[in-house]
Every structure is written in C-alpha cells, then in structure tokens.
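Colleague: I'd like to go over a predicted model; first the sequence, then the structure.
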Amino acid sequence: MRTVAVVGASLAGLSAVRALRDQGYEGRLIVVGDEVHRPYDRPPLSKEFLAGTYGEADLALETDGESLDAEWLLGSRATGLDPAARELSLADGSRLSADGFVIATGAAARTLPGSANLAGVHTLRTLDDARALKAELAAGGRLVVIGGGFVGAEVASTARSLGLTATVVEAAPTPLAGPLGAAMGAVVSGLHTDHGVRLLCGAGVKGLSGERRVDAVLLEDGRSLPADIVVVGVGARPCVEWLEGSGVPLDNGVKCGADGRTGVPGVVAVGDCANWYDPRTGGHRRVEHWTGALERPSAAVGALLAGDGDGATPGVPRPPYFWSDQYGVRIQFAGHAAGADSVTVEAGAADDRDVLAVYRRGDTPVAVLGMNQPRLFTRWRKQLAAA
C-alpha cells in the first residue's frame, strides 16, 4: 500500500496511525477528522475538565515531540466511500484516493427531539460540548440529567462538587442494569442518593419546556422538574450513515471480524463505530470503551497491511473494560455481565460502596466489578483475560 486514509481523528484513529507506523508502514498516511481539534482524551471531559482541574492542554493524546509523518485533514467530514474506485468523498466536494481505509468515525450523542434550539440543553461527547457545559455549570443553577448511564452520572457528580443541585432521571427501573446487571447497577447508582442527588427511576421524559431557554423537564407521569441546565445522556449512535451504499456492511455500526476486517478489501473498522466479532461470546458487539479504542486498532492495522491474505490470526481480545469516577469513588468493570447467572461479593461491602463483586456463569468467572478496590480488581481482570 502506498497510501492509507484513517477516517476519524480521535483515540481509535490515532491508535491506528501509531500502529501503522509501529508495524512498518512507510507510505503516505492521511488522517481525516470532522472536528478541528487534534486528538484529545474524552473521559476527562465529564470529570476533571468540567470541574476545572484539567485544562485543554491536559487532554492532548499526542506526546511531546511525537512524529507520525501523517497529513492531518481536520475539520473535514467524510460523506462517502467508493471502495472499488478507492476514493473517499469529503463534505467540501473533494475526493481523496487511497489504497487502504481505516474507519474510525466513532459515535455521536443521541439528542431529544425538539431540543436543538433550546438554550441550556446539552449533550457531552466532544470538546466543544464540554466547553459549553462548563461555562453553564460555572454560573450555577438546577441541573437535570436525563439518563442514568456513566457519562450522566459523572456529570451529576461533578456538578455536585461545584455546588449545584442535581437530579438524575432514568427511564429504566434500575440504572446501569444493562452493563452491570440489576443488583450491582442499583449499588453503583446508589452513589447519587448518598451524595444528595435526587434519583428518579422508571421515569420517562415527555419533553422539555421553555421558550428560548429550557426551564423544566416534563415527565410522562405529569411531573415537571424545574431546570436551569439539562444534560441529555441517553446513549450514542455510531457515525456510519456516510457509508450507506458503499458496500461496507452496516449493522449497529460497521460489522467486522475479530481482526477489524469488513469483508470489503482494503477496509477495516476500529473504535466506537466498529461492531466487531467477539470470539468469547460468539457474536458481534459494539463496545464504546476507551481501552478498546486504544488496543484493538493494532489487530485491524495488521489485517489491513496483510491485504487479501490470511495474515496473522488475531488473538482473542481482552474482555471489555471501562472505568468511571463518581463522587470520589473509582468504579471499574471488566467482562460481560449479561453472560452471568450469579454475582457474589468477594471483598468489601456493597452498602459501603467499597466492594469487589465477581459475576459467574456456573463456576466460570465472566465479569468483575470493583468500587474502590483497584488491586483486587486488577488481579481478577487478569484472570478473566487468561480464561
């Protein structure tokens, strides 16, 4: 390959660029990103950056003096891909030719219908999102977070540290039941009530009220929650609509193998937009975790450089891992909670929010959760990876 285009300039895209150079690729390397910013770290956006303990320079993912000999086309949105012609179309009407393509366009925050032109309503996915929300939180007021997932929970935690009142609205009976299971989801979400945050579960949102600026969140049961600031944390959608009609298989993202191959020669997928095959579960999974965006591009790049040949057999990836910091508690999780039929507390106490819990299918551990248990968690995570 003489030219490789990496479409997406966040962590997964940067990891792919590094992997290409590390694996000996010496050709032309073009990175296309729809944001104008150089690659930056997203997890601190909802925590340290909002709290003011991190500046924008602290978010930089590239190291000082790092030279990857790449051309960066930032502020350029991809609008189409023609694998047969080996061409990438951009929003400005230009076309870019390459021999290989790494799809790393990530995911975008879902929004509430009718909220686009209402001031005070925010999502949190990008640096620009975080800048706008940070300015609002600095002014104080009543915060309502719609969605009890990890990003929303981190925003509520940060807001409380800044002195704001906060309410978290969750449509499900138990927050975090999807990733953690109902029992441990209830334990983790209990951090909200421990720290004076109002948690409303089983509450659907009907809409927002306000003329130019939001003033309340309207619930389906008729209640109205006064709000000066609203953060919508209802998940993300993979940014793959630009690939429609390209022949690249789409199914909850870019459907690809365990090595990132899409079945279209010269095209691999990585990061939050990749719905990759997981040999551990025998199915496809789209995982929006930082560690996946960091680690998995190496295998995809290896497959891309191998071309149509079989290349190296991809190793079984480590179980998915993510972490969250809320109210001064470090929460860590690895594995697949959905595959478990039991959960046991191995150390600490759930009521104290200081716990190590192991999920098992029969006698086999399939996941582990730690709250302020970093050493034990690390030990169990290694056992999961070795299984």
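Modeller: Ah, there it is.
Colleague: any idea how far Thr53 is from the spatially most central residue of the chain?
Modeller: Closest to where the C-alpha atoms of the chain average out (C-alpha atoms, centre = their mean) is Glu288, at 3.7 Å. According to C-beta to C-beta, to the nearest Å, Glu288 and Thr53 sit 24 Å apart. (Glycine included, C-beta is placed from N, CA and C.)
Colleague: pretty sure Glu48 contacts Arg42?
Modeller: No - between Glu48 and Arg42 there is no contact under C-beta atoms under 8 Å: 11.7 Å.
Colleague: What segments of the stretch 101-250 of the chain are strands?
Modeller: 107-109, 121-122, 142-146, 165-170, 198-201, 205-209, 216-219, 224-226, 229-232, 236-238 (DSSP state E, counting those that start in this stretch).
Colleague: so which of those strands gets nearest Val355?
Modeller: Nearest to Val355, of all the strands of the stretch 101-250 of the chain, is strand 198-201, at 19.0 Å by C-beta to C-beta.
Colleague: If you count neighbours, what's buried in the closest one?
Modeller: Leu199, Leu200 (16 or more other C-beta atoms under 10 Å).
Colleague: And for stretch 222-238?
Modeller: In stretch 222-238, counting by 16+ other C-beta under 10 Å, buried: Leu225, Ala227, Asp228, Ile229, Val230, Val231, Val232, Gly233, Val234, Ala236, Pro238.
Colleague: tell me the two of these that are most distant?
Modeller: Between any two of the buried residues of stretch 222-238 (C-beta to C-beta), the greatest distance is 32.0 Å, for Asp228 and Pro238.
Colleague: which intervals of the stretch 101-250 of the chain have sub-threshold pLDDT?
Modeller: Of all residues in the stretch 101-250 of the chain, none has pLDDT under 70.
Colleague: May I ask which helix or strand encompasses Val358?
Modeller: strand 354-361 (DSSP states H and E).
Colleague: Could you list the residues in contact with that strand?
Modeller: Residues outside strand 354-361 that contact it (C-beta atoms under 8 Å, 6 or more residues apart in numbering): 181, 184, 187, 335, 337, 339-350, 365-373, 376-377, 380.
Colleague: 7 Å instead?
Modeller: Residues outside strand 354-361 that contact it (C-beta atoms under 7 Å, 6 or more residues apart in numbering) are 184, 187, 335, 337, 339-349, 365-373, 376-377, 380.
Colleague: Equivalent analysis for stretch 75-94, please.
Modeller: 5, 7, 32-34, 36, 95-99, 101, 105, 242-243, 246-248, 264, 266-267.
Colleague: Mark which of those residues are buried, thanks.
Modeller: Looks like these have 5, 7, 32-34, 96, 98, 101, 105, 242-243, 246, 248, 264, 266-267 buried, using 16+ other C-beta under 10 Å.
Colleague: ok, the residues you listed vs Leu133, which is closest?
Modeller: Asp34 (19.9 Å).
Colleague: Excluding sequence neighbours, find me the nearest residue to the closest one.
Modeller: Nearest residue to Asp34, sequence neighbours excluded (C-beta to C-beta, 6 or more residues apart in numbering): Arg77, at 4.1 Å.
Colleague: Tell me the predicted confidence for that neighbour.
Modeller: Here, the pLDDT recorded for Arg77 equals 97.
Colleague: Check Val316 too.
Modeller: Looking at Val316, its pLDDT reads 65.
Colleague: Please apply the same query to the one 4 residues further on.
Modeller: Reading off the confidence values, Pro320 has pLDDT 88.
Colleague: isn't it right up against Val287?
Modeller: Yes - the pair formed by Pro320 and Val287 meets the contact definition of C-beta atoms under 7 Å, at 4.9 Å.
Colleague: now the helices for this protein?
Modeller: 11-22, 48-51, 127-138, 150-161, 177-180, 182-194, 290-295, 297-306, 374-386 (DSSP state H).
Colleague: Ok, which of those comes nearest Val329?
Modeller: Between Val329 and the helices of the chain, the shortest separation by C-beta to C-beta is 6.2 Å, and it involves helix 182-194.
Colleague: and that closest one, which residues are buried?
Modeller: Buried, per 16+ other C-beta under 10 Å, within helix 182-194: Ala182, Met184, Gly185, Ala186, Val187, Val188, Ser189, Leu191, His192.
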